[in-house]
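Colleague: quick one: sequence plus predicted model below, questions after.
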There are 2 protein chains.
Amino acid sequence: MITGATLIGSRDLSTTATFRAVDPSRGIEMEPAFSDAGPAEVDIATRLAAEAFPIYRATVPEQRAAFLDLIALKVEDVGDALIERATQETGLPTARLEGERSRTTSQLRLFANWVRAGGADEPRLDSPLPQRTPLPRADLRQRHIGIGPVAVFGASNFPLAFSVAGGDTASALAAGCPVIVKGHPAHPGTSELVGRAVRDAVAASGLPEGVFSLLTGRSNELGGALVADPRISAVGFTGSRAGGLALMKIATARPVPIPVYAEMSSINPVFLLPGALRARAEALAAGFVASLTLGAGQFCTNPGLVIALAGEDVDRFIAAAGARVSGASAATMLTPGIAGAYAKGISALEASPGVTEVARGGEGGPNGCRPSLFVADADLFMTAPVLAHEVFGASSLVIRCADEDEMRAVAHALEGQLTATLHLEPSDHDLAASLLPVLEDKAGRILANGWPTGVEVCHAMVHGGPFPATSDPRSTSVGTLAIRRFLRPVCYQDLPEDLLPPAVRTRNPLHLPRLVDGAVDLPTEPRS
Amino acid sequence: MITGATLIGSRDLSTTATFRAVDPSRGIEMEPAFSDAGPAEVDIATRLAAEAFPIYRATVPEQRAAFLDLIALKVEDVGDALIERATQETGLPTARLEGERSRTTSQLRLFANWVRAGGADEPRLDSPLPQRTPLPRADLRQRHIGIGPVAVFGASNFPLAFSVAGGDTASALAAGCPVIVKGHPAHPGTSELVGRAVRDAVAASGLPEGVFSLLTGRSNELGGALVADPRISAVGFTGSRAGGLALMKIATARPVPIPVYAEMSSINPVFLLPGALRARAEALAAGFVASLTLGAGQFCTNPGLVIALAGEDVDRFIAAAGARVSGASAATMLTPGIAGAYAKGISALEASPGVTEVARGGEGGPNGCRPSLFVADADLFMTAPVLAHEVFGASSLVIRCADEDEMRAVAHALEGQLTATLHLEPSDHDLAASLLPVLEDKAGRILANGWPTGVEVCHAMVHGGPFPATSDPRSTSVGTLAIRRFLRPVCYQDLPEDLLPPAVRTRNPLHLPRLVDGAVDLPTEPRS
């Protein structure tokens, strides 16, 4: 089932240059060889996508929804082979990957239902006012349409949910945009299996082949050519800050600049407020280390920074967390490159004056991630920007603050984050209330008494945040609001009824909720 | 009432460097001298805005709405002095400026009501599912908050509606963002009058002074310093393509890049379909020339390109339109610079091989705009990109197509536009249906049987479009959707009720429409 081909529309293309996936838990290369695509393959894929776009975006919501549902089914149909290959390519445990597959398919189905509910069109109608003086008002109707073909860069750390048929792909397809995925080279077999499932769904839905392509390859040139291609209208990316910044640079230098939605780096500060720390330092330590070490710490929302007041309560927390970190074993990281970068990041922290190592976890096999915990004082943190850089993996830094003012100063000093967490008791509410407005300006999601790992796919989720957490704080890459990234509004003035798109026709044939003259107008009969 | 000061928060600041407004209809400088602000004034204004931001964005919808309503009232209170000064500074007729003032104040009031209706918050709630397996779902709530202080660049051609208290300012203030306006140097006295009205409303509303500042000045350095300032979070701009591109470059080169909403250039193609042209060539010519010459052609939506099939019907149109253009008198343009650029653009068209001048309007006084009409064939248009460049003013080019295929080819060849117009009869619907999908991808607004000048301020309006019409096709600068440009979503996970912002509290104390578990939930009692 895995051939190593790159999937351009309905065609399997092979290149002379190839690369192989590495099984990180054994440190060895795997079969088969995968095509290492480049600008020539980009050119074919983008041409097909441009041809498919007008046809695909003309589909009504139910057609796109049924297509998304079918992708979910086809991904499920791949069966155990998908989990087996993904386990080998990522070193992630089977149960985690099964959970991620379920998240991926339910994500596709959530977007399907959101499209059915009008979440793509967002129609608005303003009634004509022919008698208005001094000038009559025209008949004005607005809907949203897909922005154009979207380039999606698969993430290393979510080989299913943020990859070939992951959140970016689901939201772009839901918006009516063809998708070209640049698969992550760490899991090309997983990508091909999912890519073939999506392709099958395209064909079975009678859609043009260019609605979906999967480019395999590992060169920066491949990604650069894709973002620079004039037929690409937007980019979704999850990965490193350096990678995201490079794509942003290419996208803004184009003759026609395009938006890049890059989710890049976050250390996800966790504030342990005094009452909570006093009441349950040890329980907090247990929850913290469980979140820290989950998936070898390879989550965008990994808790990389803990902020508390100096004193015996935080010392109890540090002691308990340190004991758990010491007792934690090394889990396999996704790639040798990621494991190497982790080791380098830890060495840098160890060498930083004023930073004390609290604990290291056990040694592991090849590419193992030894969990690590460090502690430093807040005044140092605020003057040493390197301490705020993400170390991707199971490493965290506890910051001790002299008082509540210093805790607020740390909050003010933070860069943009995906999440910020408060652990609190009722006695902490005044302090929490003073931190909240600061954290709202710094992060896309604020949690109370929980841990940031685990991102629910739903309507209210925000997986986003100010730079450098993402390139664009106005958006989210998880949850139904993510569809807005790939839509643009169009207004129709005085168009004859038969030329109007169904979403804005007078009789509301799609039964969508609409904004009519500024008020929500719910359909009178349910969708059939 | 006009002092020439630059208005930084509640302070009047004066600089040693000064400049004067020019009365374009007489070609002479006017009193008083205005401060020519620079980076030092930017620094004070942005510091005040950053201080004001947390306080201003914490206001509930009714507070912000009342503030917007008060600005409208204060602008009205300036009275005749505003219209008099604006007439002198712009050369625009009194009636036009009175209409524009009314549009400005009704725009402020529309945003006030949109904020009251929840258009800023857009709340979403997903209910917790504590019994869900394998993992419970947390309590997740989302609202939107202001992105931060916004820099607004006043436009030359709408001294009221796209200037100090215009659409960008209204939507940014509605979103909860402090605003720093860089007033257009062509109408500094008009700007000061409106700026003082906004400042009065800030003070009377008990808001921090940094919610609004007005920087007067004419250097590119001033605008550049404003966009580069780290305390600015977004930019609204209406002006030339060169100006917009320069601001985009500064914004993307910042350590923290920020969005620029630049509305830059558009030639607003008008397709005269065969049936319509046959039925009413002369009436179309009358409507066309009225739209072309309105306000000396100084509208973003001026019809700069007319596309029709070659033949006797379009010849009738050209003859009738040419006669009207010849009979039109020259109206005063906004500035000597704009008049000079117009003359240069006309000379370039006159010198273009294959472009024929149909008619020129009469000579006028200083800075007069002689209306101009040209004709060329479609094959030339598609190979000479210069013909698709905007000539700001009352100039238009008629393109003759050999057949319907060539008409579609012209549509495909267009750059991004603010508007595209179809004049049609029922017999034209098939051709229109084939053009529509192309035009939807090219323009923010599609009109039938009307003229693009005149942009209604309402919910369904889109005054935007693909590059280079604007820098960001996902947005509009007119209508209530414009508020989204200055908002970002924030998610709250398991926050205690008393720490939640009112918009997402369980009992819905603000009585806003909300999305609850994916379905629209209308408030059970009306807003008080």
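Modeller: Here it is on my side, so go on.
Colleague: what's the closest non-adjacent residue to residue A:165?
Modeller: residue A:194 (5.0 Å; Cβ to Cβ, 6 or more residues apart in numbering or on different chains). All C-beta atoms are positioned from the backbone trio N, CA, C, and that covers glycine.
Colleague: please, which helix or strand holds that neighbour?
Modeller: helix A:188-204 (DSSP states H and E).
Colleague: tell me the buried residues in that helix?
Modeller: A:188-202 (16 or more other Cβ atoms under 10 Å in any protein chain shown).
Colleague: in whichever helix in chain A runs longest, what counts as buried?
Modeller: Determined from DSSP state H, the single longest helix within chain A is helix A:94-116. If you call a residue buried by 16+ other Cβ under 10 Å, then helix A:94-116 has these buried ones: A:97-98, A:100-101, A:103-105, A:107-112, A:114-116.
Colleague: list the contacts for residue A:309?
Modeller: Residue A:309 makes contacts with A:274, A:277, A:400-404, A:407, as judged by Cβ atoms under 8 Å, 6 or more residues apart in numbering or on different chains.
Colleague: state the pair within these that is farthest apart.
Modeller: A:277 and A:402 (15.1 Å; Cβ to Cβ).
Colleague: the longest helix of chain A: what's the following helix or strand?
Modeller: Next along the chain after helix A:94-116, with elements defined by DSSP H and E, is strand A:124-126.
Colleague: quick one: buried residues of that following strand?
Modeller: Buried residues in strand A:124-126 (16+ other Cβ under 10 Å): A:124-126.
Colleague: just checking, residue A:233 touches residue A:177?
Modeller: Yes - the criterion here is Cβ atoms under 8 Å, and residue A:233 meets it with residue A:177 at 7.2 Å.
Colleague: residues that sit against both of these two, list them.
Modeller: The contact sets of residue A:233 and residue A:177 overlap at A:147-150 (Cβ under 8 Å, 6+ apart).
Colleague: kindly supply the ChimeraX command isolating those of those that are buried.
Modeller: Command for ChimeraX that selects the buried part of the shared contacts of residue A:233 and residue A:177, burial taken from 16+ other Cβ under 10 Å:
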select /A:147,148,149,150
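Colleague: so of the shared contacts of residue A:233 and residue A:177, which ones are in strands?
Modeller: Counting by DSSP state E, those place residue A:150 in strands.
Colleague: out of the shared contacts of residue A:233 and residue A:177, name the two that are farthest from one another.
Modeller: A:147 and A:149 (8.8 Å).
Colleague: spit out the residues that contact these two alike.
Modeller: Joint contacts of residue A:147 and residue A:149 (Cβ under 8 Å, 6+ apart) are A:177, A:233.
Colleague: the more surrounded of residue A:277 and residue A:402?
Modeller: Set residue A:277 next to residue A:402 and count neighbours by other Cβ atoms under 10 Å in any protein chain shown: residue A:277 wins out with 23 against 14.
Colleague: what residues are up against the spatially closest residue to the more buried one that is not a sequence neighbour?
Modeller: The spatially closest residue to residue A:277, leaving aside those adjacent along the chain, is residue A:313, at 4.2 Å (Cβ to Cβ, 6+ apart). Contacts of residue A:313 were listed using Cβ under 8 Å, 6+ apart, and they are A:274, A:277-278, A:281.
Colleague: most neighbours of all these, which one?
Modeller: That'd be residue A:277 among the contacts of residue A:313, by other Cβ under 10 Å, with 23 neighbours.
Colleague: tell me which element it falls in.
Modeller: helix A:274-293.
Colleague: wait, residue A:25 sits on residue A:91?
Modeller: Yes - when contacts are counted by Cβ under 8 Å, residue A:25 is listed as touching residue A:91 (4.5 Å).
Colleague: what segments of chain A are helices?
Modeller: Along chain A, counting by DSSP H, helices occupy A:39-57, A:61-78, A:80-90, A:94-116, A:167-175, A:188-204, A:220-228, A:241-253, A:274-293, A:312-327, A:336-350, A:378-383, A:404-413, A:429-442.
Colleague: for residue A:507, report the pLDDT, please.
Modeller: pLDDT, residue A:507: 96.
Colleague: same question, residue A:134
Modeller: Looking at residue A:134, its pLDDT is 88.
Colleague: neighbours of it, how many?
Modeller: 8.
Colleague: how much space separates it from residue B:103?
Modeller: 11 Å (Cβ to Cβ, to the nearest Å).
Colleague: do the same with residue A:396
Modeller: Taking Cβ to Cβ as the measure, residue A:396 falls 55 Å from residue B:103.
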